[in-house]
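Peer 1: Could you look at this predicted model? Sequence included:
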6 protein chains.
Amino acid sequence: MMTVNSLEIPRFSGIRTFMRLPQAADGQKADVSVIGVPFDTATSFRPGTRFGPAALREASLILKPYCPVVDVDILEHLTIADYGDCPTIPGYTAESLDKIQEHLFPFYKENTVPVVLGGDHSITLAELRAFHEAKGPAALLHFDAHSDTVPEYFGKPYNHGSPFYHALNEGLIIPEKSIQIGIRGPLYDKHILDYPKNKGLRIVLGDELHNRGCDAIIAEAIARLQGSPVFLTFDIDFLDASYAPGTGTPEVEGFSTRQALCMVRKICKKIDVAAMDLVEVLPDKDASGITALAGVSVIHAFLAALAWRKSNTPS
Amino acid sequence: MMTVNSLEIPRFSGIRTFMRLPQAADGQKADVSVIGVPFDTATSFRPGTRFGPAALREASLILKPYCPVVDVDILEHLTIADYGDCPTIPGYTAESLDKIQEHLFPFYKENTVPVVLGGDHSITLAELRAFHEAKGPAALLHFDAHSDTVPEYFGKPYNHGSPFYHALNEGLIIPEKSIQIGIRGPLYDKHILDYPKNKGLRIVLGDELHNRGCDAIIAEAIARLQGSPVFLTFDIDFLDASYAPGTGTPEVEGFSTRQALCMVRKICKKIDVAAMDLVEVLPDKDASGITALAGVSVIHAFLAALAWRKSNTPS
Amino acid sequence: MMTVNSLEIPRFSGIRTFMRLPQAADGQKADVSVIGVPFDTATSFRPGTRFGPAALREASLILKPYCPVVDVDILEHLTIADYGDCPTIPGYTAESLDKIQEHLFPFYKENTVPVVLGGDHSITLAELRAFHEAKGPAALLHFDAHSDTVPEYFGKPYNHGSPFYHALNEGLIIPEKSIQIGIRGPLYDKHILDYPKNKGLRIVLGDELHNRGCDAIIAEAIARLQGSPVFLTFDIDFLDASYAPGTGTPEVEGFSTRQALCMVRKICKKIDVAAMDLVEVLPDKDASGITALAGVSVIHAFLAALAWRKSNTPS
Amino acid sequence: MMTVNSLEIPRFSGIRTFMRLPQAADGQKADVSVIGVPFDTATSFRPGTRFGPAALREASLILKPYCPVVDVDILEHLTIADYGDCPTIPGYTAESLDKIQEHLFPFYKENTVPVVLGGDHSITLAELRAFHEAKGPAALLHFDAHSDTVPEYFGKPYNHGSPFYHALNEGLIIPEKSIQIGIRGPLYDKHILDYPKNKGLRIVLGDELHNRGCDAIIAEAIARLQGSPVFLTFDIDFLDASYAPGTGTPEVEGFSTRQALCMVRKICKKIDVAAMDLVEVLPDKDASGITALAGVSVIHAFLAALAWRKSNTPS
Amino acid sequence: MMTVNSLEIPRFSGIRTFMRLPQAADGQKADVSVIGVPFDTATSFRPGTRFGPAALREASLILKPYCPVVDVDILEHLTIADYGDCPTIPGYTAESLDKIQEHLFPFYKENTVPVVLGGDHSITLAELRAFHEAKGPAALLHFDAHSDTVPEYFGKPYNHGSPFYHALNEGLIIPEKSIQIGIRGPLYDKHILDYPKNKGLRIVLGDELHNRGCDAIIAEAIARLQGSPVFLTFDIDFLDASYAPGTGTPEVEGFSTRQALCMVRKICKKIDVAAMDLVEVLPDKDASGITALAGVSVIHAFLAALAWRKSNTPS
Amino acid sequence: MMTVNSLEIPRFSGIRTFMRLPQAADGQKADVSVIGVPFDTATSFRPGTRFGPAALREASLILKPYCPVVDVDILEHLTIADYGDCPTIPGYTAESLDKIQEHLFPFYKENTVPVVLGGDHSITLAELRAFHEAKGPAALLHFDAHSDTVPEYFGKPYNHGSPFYHALNEGLIIPEKSIQIGIRGPLYDKHILDYPKNKGLRIVLGDELHNRGCDAIIAEAIARLQGSPVFLTFDIDFLDASYAPGTGTPEVEGFSTRQALCMVRKICKKIDVAAMDLVEVLPDKDASGITALAGVSVIHAFLAALAWRKSNTPS
């Protein structure tokens, strides 16, 4: 499965697909399946991430297949195809989550690694439901500024601030094999993280990550995530507001793309990631496009780790 | 009820309220009640009008009380207060419509003219329901590029493209006393406007308005709207995309602010408008702020006509 | 050939193609062939129109098939497909013109109407060469603020200000059957338009169009363009800078979208247009996207006229 | 005095001067003297016009010497030079007005037509003082959305809303030979224009200009302005907000560039304009640069009229 | 004093006040008084910070009461109210400083901690004069890229580059108990900082802060600031241009929000800060809003330290 | 050679030249010659750097002569003049390179240090050819995210991704005395850097720079660059995308302005740099102007090192 060669055809040419890879034909299978979920109805503050998948595809034009840090050529080891976007129902959150789950289920069921382009973070609940239906509960590797474990907003259960409350409650993730990294910024109250902590979820606050350093947390994550299929969810606001201004609820005191990509590469080389998503890119606030670029760079780091694992696994 | 004097205190100063008017105290009454409805969950394409009320308040800083075209000082004849925003439930359309209706009902019930700052056009359904509950069915004066009479989107009833389908169906408006002006742009199919037309609604296409001119339509609207309390709803995309770029689904071949304000002033001086709203201002696409400015100018034109009617009515 | 139904699948979803129409499969034929030419190397002032095709596709998401002004459903009478983008060689103008000509030739040769999404105006020279090779010389219907008939810039022949000089010189267009409409703004010198005029080309200055009105020019154009296959080229800066800010050399004292669409619809219903292009949309200067919207609206007006001709022609 | 030839050297090249004309050497004289006054300290609402001169120079790169409407080559009949910017004292209005007056006086004293690039409208008071000192009182030709005749703001005399109050009071302009055109939008109160009207100033409201048409006002202005040296001041907000979004207090219901340029050309061909300025361009709100373009186009229209007068005057 | 609960009422709703806290009623007292000073007349380069208070209030919508780093709930220990904006006289610097001083004096006199939202840095002179009048000279804790100790600009004393020259000269601050941190970028000349240094002011250049690290400077600041009431002034350009692009004279080689917030929290937990301001946020250059977000985050860090001190002080 | 004193004349005043320095008169000589090369025709992805020189001059208004880190006053030791822009031929890469080489040759031939403001990186090939012609082969000090050593793009040799392939091939640089620093991001394939490495060029990948630290690379660079005249080329995308969003192909995982300026200052104090350029600033993507600011700050750091060398060299 070949990408368009950007040394032959300029990269600003053509119908936009992820990394200029082929749009998947009916029934086609690939090692990695890229699917957009343009949904932002569950956003509590600033909407617009429904245009995230398009922005990520546009930003991905600039990507190339060889990663010099991991020393691997992604397309040499992986077939990747773009499966377009999942249908949603703007204005109807619960119904959309059902529709997303249904649409994504076949991907989780198949022998492929789905890479979902969000979309607000509520979609991860639909993904985890489909994942659970196909593979059982997941170990969660979660990069974010926010824990997203609030039970309800405005008297309603579904919101981009609540997916992991429901995931815990519905048994979709294994708390003792899950970890949230980078949670920071002011909170509603002192006890708002008690519930997920009491359930067994490990929450690494931003302050702890700054103080202990990335390597310590990488080691802890690898130890924790061993032995179960891992679901990687990356909210772009894990990055500092200066690295990712284009998101709905940016937070200061965050992390650099260098830190993020190193963590993703090092952790994912050592564990079995079965699915990922990249959420909360909001193009209207991304004046120069660096947020979408950061987003596809995180995906690229993950793909490099995945390709490395495949190239280093006896078949 | 006095506005802040911008010759004494610079207009860039202070907590933002509509026209720098006082924020209403509990239980306070005014001739005109300004209420924001920051809701955009029912948007089918580009969301963000939940920030419309704030943008309209910011743009209204520039307004002054005397209208030289109508020759009336608005604040000499009308008390006006800003009642803040209505609560909504982002992510839940039907529930939000109920909540909006409930919040607005007391305004329609009282002897005040509510001016609602939207929000997407779905909120007008909630307004019309509250209006109906308080006063009975309305004669509708509707400026827009789109008829918004599609029965459903994505299999669901509520959407900013459907409020007037439901208003017709629920008997909230009197079709034979209602008029839509400026509808234009490509349509889904040739028969999509048959239902409202068959119900008796008058739809003035943009092409007709261009060809026959504003004065002919003004006369027709005045004749049609006589004798019932009128609900004025103004979708900012009635204006051409060059006059109102900051909206979710702008349309070309539209109308100027000169045309819009003349129509509003001339019609509203002759009929009894009991409520109005101004919807679909989308600040994220309003690079220079001229769309919000156009929006508050439409409201100002309406207020001038209202003040004129009051000053010319024997009490 | 069906477009995606935007009442079922939200229009912000999916891989972007023109009007959400299918991307053409190999060897597929359609009545209308949409092809992007992302080329701006020949731009004399502000580059960036290489991103024009992508912006036009994005703006076209909003289009619907039925045109109420012409009273025709485009997709009922025409099959349309998106053929992606033509390869170019950024940095090399002459070589790119050859490459574009070669890529487009099969479309002109076939029984299809190519609609080219530019790109700067230099590409029209390549199109006219391919057109000439396939069909012989063209009658030219040209909307623009600039005549683009300068023989050379900076000592070199090819530039977006020179295509029609070469077209005249190479015999690609029939001057006495061609017309330029809307040319305005200051000129390099009084005699710069003498050459094309002396060749027989009709140049309607903006001042004349303002003074005589659209209907007079429509009649003149129809009379002039009868009897030969017509090539329609529309430079977005025909529109006034307020209607089309997103272009490299905008001009004031221009025309509205209402005027442009009326002229396109009325002329093209009466003549045999065999090809069109829409050029000089520059997304980086199109803060709110209204320029790209105007561009696709012009194309839509043309398609409506084309569908109308087909539906009114005894087959 | 030659401009750089944009057919030889691309217009995006070089140190920016007005119309790529030579920067004036010490003691040099020209028929027209372009001087920037980067001052916005007297702005009551949104500051930033201190960057107006730079934006106008940038926009002027696109201008060419021949005007086809007036049929005259500006540089054939006029020498023009760019004299750089006048020093000011940001933060100190009265002192800056003195400094500007002193700096500009030699230009008014000399046999040259100064063209001042603003800056906010307060600078016109300094210009009129220098003009008066050099030539006596002026007949004023004033295009604007605002009369700018408020006696004081915030208890202080100098503000961009007050220059013409002081000009009237100080006898700098001859009221019965002066005219304000285009004044519109809401006013502080019904009587705020009584003072200038009672002084004898003719104020053409926007509503009157819309209703009577440009030709009637052109005729009236020519009649009124005959026989005295005329000072032309053009506030960019005379234009509608859609044509000139980049200004501090834009107004809707305004005028097009077509209307503005026609009025300037027709009036200035018939009267003796001794000085002009173009004020209130605010680059930070001019997302696509069309406001600065409109500004330099107004200046170009004036220069064409001036060149026409010179070419049609027996020397 | 309760903030609006953002889990019940969406945070994009309502009249904007700081942190959605109540607007203060007449005569009301609170532990912390938030007051805007929308003044930028003294800006030497790029104006617009008069819109800073509004932008900071908008950005503060996102704040929540509990700070996990300090482990304190701000609103549990502090009452906070928004007192709106101070009146100013745009165009008149000295008079505005008097007006600001007079307006703020009662706050410094009362038992409250004023938090001023700027505005350009000249306002700090007015604040320090009011502070001095109420409490005597201040120990100054000053984060900035610029020392702002130039005696005069353009022959005049008051400018946003001169407040601390006057503060030193007028005895408003105690030099040996004051410290400037982060001063960097090119200077007018080698000796420009001699005056404040000779007066006894400690100036920590950016280079020194980078080389010695934050902890060393924190310790030095705490030692220096002990024993007198401290005035904290934070110019947002202390942050690197990438973290705070929205300011008038950004500087590279600056500091991250992580560094800034850590320094503010650690120092302010150990000293008695009696007043603070946050200045130089310029919304027009803050494309994605991250500068205003950084600004309110600094204030939040200060409030957390203040709340911590109160909660850890025996009453 | 004096700059305009920004304490006397506000820095927003006047015709824009680099650092407000005098525009060079004919035949004038200076220690440092600033020349713009507004060329972007060879850009493979996003064009627009032809407006780089103007943006760099605008950003340079903010610079002052004394550098506190190096402790040197640049203008005390160096004369600097702005020589305006080099002519180019947009649309013709090879011909433009010739024209640039010819225009720049006299500067390299003279006893001056040319500082070139780009422009895309292809111009460095023209500079190196002129340098070679005047002084022989150069030692190259190259900061960049991309090696720019691809032999050809789209079948053509000249592109902003290929200059150093040609420089190596044409013997313009001495590989064993040259170093590229900061190369990062995905590559077309694993072997794409083999050619330059085999030629002897030292390529420091971004990963290595992050891991070994700046000081190690500074030392290596100084050792390598000794003994030959050095050509310094700085592509702004060496900086991380958050520090330099305004460039055509930004890369994440990059470096801060602190790191960049330290490296430039420390290396250039120890070696003999005979020429420099700063390329790839793209104003249209530089929403807040921080990229151009970073660019002129790099130049300032270089000038400080140059002034320091001169002030510390026995004459």
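Peer 2: On my side now, so go ahead.
Peer 1: got a list of what A:Asp31 touches?
Peer 2: Contacts for A:Asp31 (C-beta atoms under 8 Å, 6 or more residues apart in numbering or on different chains) come out as A:78-80, A:112-113, A:310. For the C-beta atoms, the positions are set from N, CA and C on the backbone; glycine is no exception.
Peer 1: Turn these into a markdown table, columns for neighbour count, pLDDT and distance to D:Ala138.
Peer 2: Below are these laid out as a markdown table (neighbours: other C-beta atoms under 10 Å in any protein chain shown; pLDDT from 0 to 100; distance: C-beta to C-beta, whole Å):
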| residue | neighbour count | pLDDT | distance to D:Ala138 |
| --- | --- | --- | --- |
| A:Leu78 | 20 | 97 | 77 |
| A:Thr79 | 16 | 96 | 78 |
| A:Ile80 | 25 | 97 | 72 |
| A:Thr112 | 20 | 97 | 79 |
| A:Val113 | 22 | 98 | 77 |
| A:Lys310 | 15 | 96 | 82 |
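Peer 1: which of those residues lies closest to D:Leu128?
Peer 2: A:Ile80 (69.6 Å; C-beta to C-beta).
Peer 1: next one: phi and psi at the spatially closest residue to the closest one that is not a sequence neighbour?
Peer 2: Counting by C-beta to C-beta, 6 or more residues apart in numbering or on different chains, A:Val32 is the residue found nearest to A:Ile80 once chain neighbours are left out, at 4.3 Å. A:Val32 adopts backbone torsions of phi -130, psi 130, taken as degrees, to the nearest 10.
Peer 1: A:Val32 and A:Asn111 touch, don't they?
Peer 2: No: A:Val32 lies out of contact with A:Asn111 (C-beta atoms under 8 Å); the separation is 11.1 Å.
Peer 1: any idea how far chain F is from A:Ile62?
Peer 2: A:Ile62 sits at a distance of 6 Å from chain F (criterion: C-beta to the nearest C-beta, to the nearest Å).
Peer 1: Surely that residue touches A:Leu293?
Peer 2: Yes: using C-beta under 8 Å, A:Ile62 makes contact with A:Leu293 at a distance of 7.1 Å.
Peer 1: neighbour count winner among those two?
Peer 2: Taking other C-beta atoms under 10 Å in any protein chain shown, A:Ile62 and A:Leu293 do not tie; A:Leu293 has more neighbours (29 against 24).
Peer 1: wait, is A:Met19 part of a strand?
Peer 2: No: in this structure, A:Met19 is helix, not part of a strand, as judged by DSSP: H, G, I helix; E, B strand; the rest coil.
Peer 1: What is the neighbour count of it?
Peer 2: So A:Met19, with other C-beta under 10 Å, has 23 neighbours.
Peer 1: give me the residue from chain A nearest chain D.
Peer 2: A:Ala287 (11.6 Å; C-beta to the nearest C-beta).
Peer 1: List the contacts of that residue.
Peer 2: Per C-beta under 8 Å, 6+ apart, neighbours of A:Ala287: A:245-246, E:287-288, F:245, F:287-288.
Peer 1: ok, now A:Gly254?
Peer 2: By C-beta under 8 Å, 6+ apart, the neighbours of A:Gly254 are A:145, A:182, A:184, A:206, A:237-241, A:243-244, E:257-258.
Peer 1: Make CSV from those residues and add pLDDT to it.
Peer 2: CSV is the format used below for the contacts of A:Gly254 (pLDDT from 0 to 100):
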residue, pLDDT
A:Ala145, 98
A:Gly182, 98
A:Arg184, 98
A:Gly206, 98
A:Asp237, 98
A:Phe238, 98
A:Leu239, 98
A:Asp240, 98
A:Ala241, 98
A:Tyr243, 98
A:Ala244, 98
E:Thr257, 98
E:Arg258, 98
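Peer 1: of those, list those near chain D.
Peer 2: Among these, not one lies near chain D by C-beta under 8 Å from any C-beta of the partner chain.
Peer 1: In PyMOL, how would I select the buried members of those residues?
Peer 2: Only the buried members of the contacts of A:Gly254 end up in this PyMOL selection, burial being decided by 16 or more other C-beta atoms under 10 Å in any protein chain shown:
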select buried, (chain A and resi 145+182+184+206+237+238+239+240+241+243+244) or (chain E and resi 257+258)
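Peer 1: what's the distance between the closest residue to A:Val252 other than its chain neighbours and A:Ala241?
Peer 2: For A:Val252, ignoring the flanking residues on the chain, the nearest one in space by C-beta to C-beta, 6+ apart is E:Thr257 at 3.7 Å. According to C-beta to C-beta, to the nearest Å, E:Thr257 stands 7 Å off from A:Ala241.
Peer 1: List just the nearest of the contacts of A:Asp31 to D:Gln28.
Peer 2: Looking across the contacts of A:Asp31 and measuring by C-beta to C-beta, the closest to D:Gln28 is A:Ile80, at 66.1 Å.
Peer 1: Just list the residues touching the closest one, thanks.
Peer 2: Per C-beta under 8 Å, 6+ apart, neighbours of A:Ile80: A:1, A:18-19, A:21, A:30-34, A:74, A:303.
Peer 1: For the helix or strand that contains A:Gln180, buried residues please.
Peer 2: Per DSSP states H and E, A:Gln180 falls inside strand A:179-183. Under the neighbour-count criterion of 16+ other C-beta under 10 Å, strand A:179-183 has A:179-183 buried.
Peer 1: now swap in stretch A:20-30 and tell me
Peer 2: A:20-24, A:30.
Peer 1: could those residues go into CSV alongside distance to B:Ile100 and pLDDT?
Peer 2: Shown next, in CSV, are the buried residues of stretch A:20-30 (distance: C-beta to C-beta, whole Å; pLDDT from 0 to 100):
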residue, distance to B:Ile100, pLDDT
A:Arg20, 45, 96
A:Leu21, 45, 95
A:Pro22, 46, 90
A:Gln23, 41, 91
A:Ala24, 42, 88
A:Ala30, 46, 96
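Peer 1: and these near chain F, which?
Peer 2: Counting by C-beta under 8 Å from any C-beta, no member of the buried residues of stretch A:20-30 is near chain F.
Peer 1: For chain E, state which of those residues is nearest.
Peer 2: A:Arg20 (27.6 Å).
Peer 1: roughly how far apart are the closest residue to the closest one other than its chain neighbours and chain E?
Peer 2: Sequence neighbours aside, A:Val4 is the residue nearest to A:Arg20 in space, at 4.1 Å (criterion: C-beta to C-beta, 6+ apart). Between A:Val4 and chain E the computed distance is 31 Å (C-beta to the nearest C-beta).
Peer 1: list the contacts for A:Val4?
Peer 2: A:11, A:13-14, A:20.
Peer 1: hmm, try it at 10 Å
Peer 2: A:Val4 makes contact with A:10-11, A:13-14, A:17, A:19-22, A:61, C:87, according to C-beta atoms under 10 Å, 6 or more residues apart in numbering or on different chains.
Peer 1: show me where chain A has helices.
Peer 2: A:52-60, A:74-77, A:93-109, A:123-135, A:163-169, A:194-199, A:206-212, A:214-225, A:257-270, A:290-311 (DSSP state H).
Peer 1: can you list those helices in CSV and add distance to A:Thr41?
Peer 2: Putting the helices of chain A into CSV (distance: least, C-beta to C-beta, whole Å) gives the following:
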stretch, distance to A:Thr41
helix A:52-60, 13
helix A:74-77, 33
helix A:93-109, 5
helix A:123-135, 10
helix A:163-169, 13
helix A:194-199, 24
helix A:206-212, 28
helix A:214-225, 31
helix A:257-270, 27
helix A:290-311, 20
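Peer 1: What about A:Met2, how many residues nearby?
Peer 2: That count, for A:Met2 with other C-beta under 10 Å as the rule, works out to 10.
Peer 1: Quick check: pLDDT value at it.
Peer 2: pLDDT recorded at A:Met2 is 74.
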